[in-house]
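Q: Give me coordinates for this.
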Amino acid sequence: MALTSASSLLNQPSIVSAAILARRLFDMWRTRDAADIIRERASLPAVDKLTNNPECTPVDINAVLNNTAGCNSHFDYQAASKVLPLAFGWNNSSEFTQQLLTSTIPTDRMPCTRRFDNMQLHIPMVTLIDHINDNVSGHPGLIHGGMTTVIAHSSMSLVAALNSPKNAQITPLSLNMDYRKPIRTSDFVKIHTWLYQHRDNELKVAVHFYNLKDEMLVEAVSDIAVRTPSLVLQK
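A: Numbers count the residues shown, from 1 in each chain. Modelled structure (predicted):
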């Protein structure tokens, strides 16, 4: 009896379908239940610290994004678990700047206090606690640069939306990213993202990714355009 080569087997539709099904079942098996992720996240010291900090206010991500005319946000990238990040906005005080001192921040990137009229909330900085799913990037282990970019853009667009007029169109124009350490799947990450400059109808936003040991993983900056029919910037 002649042996059938692996390549010829894979060319058979039934074998291919079975292989695809097996992969999907494997992905479902290794994806944690949403309730399990939420329970673990609630027990994290980082979440407890933010929840009990009087300078922090929970941010409803969906409500903020629903008040924009369009925003480059992809917080549904974790659709397999349906778990949105927890988001906390820092009140306009000096304490949130202390959160940035785990690394050197240039003076021209300190949080900005200039603001638009008719803005949503004016929260210059947001901290998110996000869970990176096992299969969020298609494979276990480390997430790739493209997925890191998605998370960075989503986080920075959220801050831009918070600090823009209602019904504004939020459009990232650029992204410069510096990878320090890999982001591992099945881990939680802490993300600080903040507004640091207004320039006409553009915002400059920065983001830092940390693991729960407060080791910096990634930093990035982005120029984001804000477009509305009428836009007034306070001096």
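Q: got any ranges where this protein has weak pLDDT?
A: For the chain, the stretches with pLDDT under 70 are 1-31, 72-73, 76-82, 92-121, 135-140, 229-235.
Q: where along it do the helices fall?
A: Counting by DSSP state H, the chain has helices at residues 6-10, 13-30, 34-42, 45-51, 61-66, 95-98, 145-162.
Q: I'd like the C-alpha coordinates of the third one written as CSV, please.
A: The reference is to helix 34-42. Provided in CSV are the C-alpha atoms of helix 34-42 (Å, rounded to 0.1, in the frame of the first residue of the first chain):
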residue,chain,number,x,y,z
ALA,A,34,-14.7,36.3,30.7
ALA,A,35,-16.1,35.9,34.2
ASP,A,36,-12.8,34.3,35.3
ILE,A,37,-10.8,37.2,33.8
ILE,A,38,-13.0,39.8,35.6
ARG,A,39,-12.7,38.0,38.9
GLU,A,40,-8.9,37.9,38.7
ARG,A,41,-8.7,41.5,37.5
ALA,A,42,-10.8,42.6,40.5
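Q: what comes up buried for it?
A: Neighbour counts over helix 34-42 (16 or more other C-beta atoms under 10 Å) mark Ile37, Arg41 as buried. The way it works is simple: take the backbone N, C-alpha and C, and place the C-beta from them, glycine included.
Q: and that helix, what does it pack onto?
A: Under the contact criterion of 3 or more C-beta pairs under 8 Å, 6 or more residues apart in numbering; DSSP states H and E, the helices and strands touching helix 34-42 comprise strand 125-131.
Q: So which residues make contact with the strand it packs on?
A: For strand 125-131, contacts defined as C-beta atoms under 8 Å, 6 or more residues apart in numbering pick out 37, 41, 44, 46-47, 50, 56, 59, 78, 81, 83, 85-90, 96, 99, 111, 151, 155, 158-159, 162, 187-195.
Q: Within its sheet, name the partner strands of it and how each one runs.
A: Taking DSSP bridges as the criterion, strand 125-131 pairs within the sheet with strand 86-90 (antiparallel), strand 188-199 (antiparallel).
Q: Quick check: which of the ones you listed has the most neighbours on average?
A: Relative to the other members of the strands paired with strand 125-131, strand 86-90 carries the highest mean neighbour count by mean count of other C-beta atoms under 10 Å, namely a mean of 23.
Q: who touches that strand?
A: For strand 86-90, the external contacting residues (C-beta under 8 Å, 6+ apart) are 41, 47, 50-51, 53, 55-61, 96, 99, 121, 123-130, 158, 162.
Q: out of these, which are buried?
A: Applying 16+ other C-beta under 10 Å to these, the neighbour count classes 41, 47, 50, 55-56, 59, 61, 96, 99, 123-130, 158, 162 as buried.
Q: Find the residue closest to Val207 in space, skipping its chain neighbours.
A: In this structure, Val207 finds its nearest non-sequential neighbour in Thr193, 4.1 Å apart by C-beta to C-beta, 6 or more residues apart in numbering.
Q: Can you name the residues bridging to the one you found?
A: Checking Thr193 by DSSP bridges, which sets the bridge assignment, gives partners Val126, Val207.
Q: Phe188 now?
A: Taking DSSP bridges, one finds His131 as the beta-bridge partners of Phe188.
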